[in-house]
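J.: this one's sequence-less:
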């Protein structure tokens, strides 16, 4: 899949029920990100950071959705830990997590890390990040090895840059709001 291609319209089981991706996305942007395993330290801190940044994503009209090859039961139990780590006291969990136990979606989207395997020797999902715009087009694709965590503040910066360059044809190297367009 190349930048600018239409992102696949998959059906998935999530912590909020079954979704059809394009319908779930609606007129919003989306960030689909995968993690290797539930209840692990780096994955917990990453998903907790997305919980903390959730209002920032929503302010940008971006819906986050996570994915791993763990079971739905595991995801549902783990979200309680993530909420505690994120110091989130709100109702429910703010974004869905896809359960891809059969690794069908992870294979389709090339999200597996052949170097990192579960206890049965099956590859884990890598730390993929896909940013999809409101026209369902892939705007950014990053694939980190399972052993390397991500910086979701940087991912927010990229979203800001993509959304700005949709309105104004400028290059965007900046961080934050201290930017002037002349």
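T.: Cool, the structure landed. If you're wondering where the values come from, they're calculated on a predicted model, not measured in any experiment.
J.: What residues are bridge-paired with the most centrally placed residue in the chain?
T.: Geometric centre of the chain, nearest residue: residue 33, 2.6 Å, by CA atoms, centre = their mean. Applying DSSP bridges to residue 33 yields these beta-bridge partners: residue 66, residue 129.
J.: hang on, isn't it packed against residue 127?
T.: Yes: contact between residue 33 and residue 127 holds when scored by CB atoms under 8 Å: they sit 7.2 Å apart. C-beta coordinates here come from the backbone N, C-alpha and C atoms, glycine included.
J.: Pull up the overlap in contacts between the two.
T.: In the contact map built from CB atoms under 8 Å, 6 or more residues apart in numbering, the residues linked to both residue 33 and residue 127 are 46, 150.
J.: Any figure for the gap between residue 75 and residue 100?
T.: Using CB to CB, to the nearest Å, one obtains 10 Å as the distance from residue 75 to residue 100.
J.: got any residues that touch both of these two?
T.: The contact sets of residue 75 and residue 100 overlap at residue 68 (CB under 8 Å, 6+ apart).
J.: partner residues bridging residue 124?
T.: Under DSSP bridges, the beta-bridge partners of residue 124 are residue 113.
J.: Just give me the neighbour total for it.
T.: A count of nearby residues for residue 124, using other CB atoms under 10 Å, gives 24.
J.: ok, residue 137 to residue 102 distance?
T.: 27 Å.
J.: So these two - more neighbours on which side?
T.: Under the neighbour definition other CB under 10 Å, residue 137 and residue 102 were set side by side, and residue 137 has more, 13 against 9.
J.: any idea which element the nearest residue to that one once chain neighbours are set aside lies in?
T.: The spatially closest residue to residue 137, leaving aside those adjacent along the chain, is residue 4, at 5.6 Å (CB to CB, 6 or more residues apart in numbering). Following DSSP states H and E, one finds residue 4 outside all helices and strands.
J.: can you pull the contacts of residue 4?
T.: By CB under 8 Å, 6+ apart, the contact set of residue 4 is 137-139.
J.: Now it: phi and psi?
T.: Backbone torsions of residue 4, given as degrees, to the nearest 10, read phi 90, psi -10.
J.: now it: how far from residue 39?
T.: Computed as CB to CB, the residue 4 to residue 39 distance reads 37 Å.
J.: which residues touch stretch 33-42?
T.: With CB under 8 Å, 6+ apart as the test, stretch 33-42 has contacts from 43, 46-47, 50, 64-70, 74-75, 77-78, 81, 106, 111, 113, 116, 118, 124-130, 146, 149-150.
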